[in-house]
Structure formats: structure tokens, C-alpha cells
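> task: produce atomic coordinates for the following.
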Amino acid sequence: MIHATVIGRLGRDPETKEVGGDTVASFSVASDQGYGEKKTTNWVRVSVWGKRGLKLAQMLTKGDRVAVRGSLETSEKDGKTYLSIRADEVELLGGQTGERPAAPQVSRQAVYDDPF
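Take a look at the predicted model:
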């Protein structure tokens with residue numbers, strides 16, 4: 001299993017759905033590399049399962065900066081490689097303009113500690 005950390009901005013608001021009796025929140029994170037004309041953007045699809053996913057879906061909006069840590073998976077379709085992470089931790093790094101203070105980290109442990 002490959003663990004990865006991706007830091008970037010949400011490309012869209014999170015979506016939630018029920019899968020096999022559990023809830024999953026999904027969103028995409030854009031991470032830039034390089035600068036100027038050599039700047040490229042890598043997109044990573046992120047899934048957060050259970051109560052953590054529901055809580056994050058309420059807190060996150062398009063453009064928010066996040067750090068995502070979890071299991072990295074790749075898939076190929078039509079000659080393109082797609083990246084996805086099943087998140088163990090999502091750290092909120094602030095809003096679009098940075099004026100919002102960082103919210104507390106929501107991690108795997110939060111599932112066991114939070115009564116919601």
C-alpha cells in the first residue's frame with residue numbers, strides 16, 4: 001500500500017452519497033507544480049468514508065486549501081493515469097483568500113472521539 005500526502009485546493013464542493021449502507025464524501029484536489037510557463041496541475045480525487053466524510057462535506061467548499069493523507073491508488077483509462085486517495089486524514093489549511101483561520105484537523109481518530 002502506498003501512502004501519500006497531497007496539498008492543494010478543492011476543485012469543487014464535496015459530494016456525499018450512500019454506498020453499501022455507509023456514507024462517502026468525495027472531492028478533487030488540485031496541486032500545482034513548477035511556475036510560470038512550466039506550471040502544471042495534478043488532480044487527485046479524494047474519498048472520505050463515514051462520519052468524517054459527512055462532517056468534512058459540511059466544512060469544505062470549492063477553493064479551500066487542504067492537506068490530504070491516505071492510501072494512493074492509480075487507474076488508467078484511455079491512456080491517461082488517474083490518481084485517487086482514500087483519506088485517513090484531512091487537514092484544513094484555510095479558505096480561498098487565507099483570511100479564515102485553519103480549522104482543527106479531522107482524522108481517523110475523530111470517528112471514535114466525536115459523538116455526532
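
> which residues sit in contact with V66?
Residues near V66 by CB atoms under 8 Å, 6 or more residues apart in numbering: I7, G8, R9, L10, V29, L60, V90, E91, L92, L93. To be clear about C-beta, it is placed using only N, CA and C from the backbone, and glycine gets the same treatment.

> no no, T16
T23, V24, A25, S26, G53, L54, A57.

> list only buried entries from these.
Among the contacts of T16, the ones that count as buried by 16 or more other CB atoms under 10 Å are T23, V24, A25, S26, G53, L54, A57.

> okay, and the beta partners of the third one?
Each beta-bridge partner of A25 is listed here: T16, V48, as defined by DSSP bridges.

> which helix runs longest in the chain?
Longest helix of the chain, by residue count under DSSP state H: helix 50-59.

> direction included, what does the very next helix or strand once past that one pair up with?
Under the assignment DSSP states H and E, the closest C-terminal helix or strand after helix 50-59 is strand 65-77. Here strand 65-77 has these sheet partners by DSSP bridges: strand 2-10 (antiparallel), strand 80-94 (antiparallel).

> CA-only coordinates of strand 65-77 in CSV, if you can.
The C-alpha coordinates for strand 65-77 follow below in CSV (Å, rounded to 0.1, in the frame of the first residue of the first chain):
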residue,chain,number,x,y,z
ARG,A,65,-6.8,24.7,0.9
VAL,A,66,-6.3,21.2,2.4
ALA,A,67,-3.6,18.6,3.1
VAL,A,68,-4.9,15.1,2.5
ARG,A,69,-3.1,12.0,3.7
GLY,A,70,-4.1,8.4,2.9
SER,A,71,-3.8,5.4,0.6
LEU,A,72,-2.9,6.3,-3.0
GLU,A,73,-4.5,4.4,-5.9
THR,A,74,-4.0,4.8,-9.6
SER,A,75,-6.1,3.7,-12.5
GLU,A,76,-5.8,4.1,-16.3
LYS,A,77,-8.4,4.8,-18.9
